[in-house]
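[1] Turn this into a model:
(one chain, ligands or ions: 1)
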Amino acid sequence: MRWIDVASEMEAGHSNGLEVEVAGIALLLRRIDGGIFALSATCPHHAAWLSQGRFGDGRVFCPRHGGVFDLATGRRIAGPFCPDLPVYPVRIVGGRVEVAL
Ligand code: FES
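    All right, here's what the predicted structure looks like:
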């Protein structure tokens, strides 16, 4: 596992989140309930863009078929059967967001 600088904390904390590509992986950075999370930018079911979904209670709600995923673990909670959502550890260092890949 290595930590990669992906954005400033201010950029990642934007209300709509921030999509970035890191090492060929499309990530969505988003501030939720005071913390910044890094998750796959697309749903593991049929690749809907999760930036267009709803966020709350530590979960993301997919806009296409209603899949629900836990943001801390990526575990699928509800919706169509599919793999869990890839989520990545985040740390803040000197106002920069680093993601572990
Ligand atoms: S694309 Fe997300 S639940 Fe189907």
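[2] hey, let's count contacts and neighbours off CA atoms from now on
    Fine.
[3] measure the residue most central in space within the chain to the ligand for me?
    By CA atoms, centre = their mean, the chain has its centre lying nearest to residue 39, at 2.4 Å. Between residue 39 and the ligand the distance is 13 Å, computed by CA to the nearest ligand atom, to the nearest Å.
[4] what pairs with the helix or strand harbouring that residue, and is each one parallel or antiparallel?
    If you go by DSSP states H and E, residue 39 is part of strand 35-40. Sheet pairing here is set by DSSP bridges, and for strand 35-40 it gives strand 25-32 (antiparallel), strand 87-88 (antiparallel).
[5] Would you convert these into TSV that also reports mean pLDDT, distance to the ligand and mean neighbour count?
    Shown next, in TSV, are the strands paired with strand 35-40 (pLDDT from 0 to 100; distance: least, CA to the nearest ligand atom, whole Å; neighbours: other CA atoms under 10 Å):
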stretch	mean pLDDT	distance to the ligand	mean neighbour count
strand 25-32	93	14	20
strand 87-88	96	15	20
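[6] mind putting those in a markdown table, distance to residue 3 included?
    Formatted as a markdown table, the strands paired with strand 35-40 follow (distance: least, CA to CA, whole Å):
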| stretch | distance to residue 3 |
| --- | --- |
| strand 25-32 | 14 |
| strand 87-88 | 10 |
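[7] Which one of those strands lies nearest to residue 61?
    Among the strands paired with strand 35-40, the nearest to residue 61 by CA to CA is strand 25-32 (13.1 Å).
[8] got the CA positions of the closest one in PDB?
    Listed next in PDB are the C-alpha coordinates belonging to strand 25-32 (Å, rounded to 0.1, in the frame of the first residue of the first chain):
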ATOM      1  CA  ILE A  25      -8.600   4.400 -11.100                       C
ATOM      2  CA  ALA A  26     -11.500   6.900 -11.200                       C
ATOM      3  CA  LEU A  27     -12.100   8.100  -7.700                       C
ATOM      4  CA  LEU A  28     -14.700  10.200  -6.100                       C
ATOM      5  CA  LEU A  29     -13.500  12.300  -3.100                       C
ATOM      6  CA  ARG A  30     -16.300  13.600  -1.000                       C
ATOM      7  CA  ARG A  31     -16.700  15.200   2.500                       C
ATOM      8  CA  ILE A  32     -19.400  13.400   4.400                       C
END
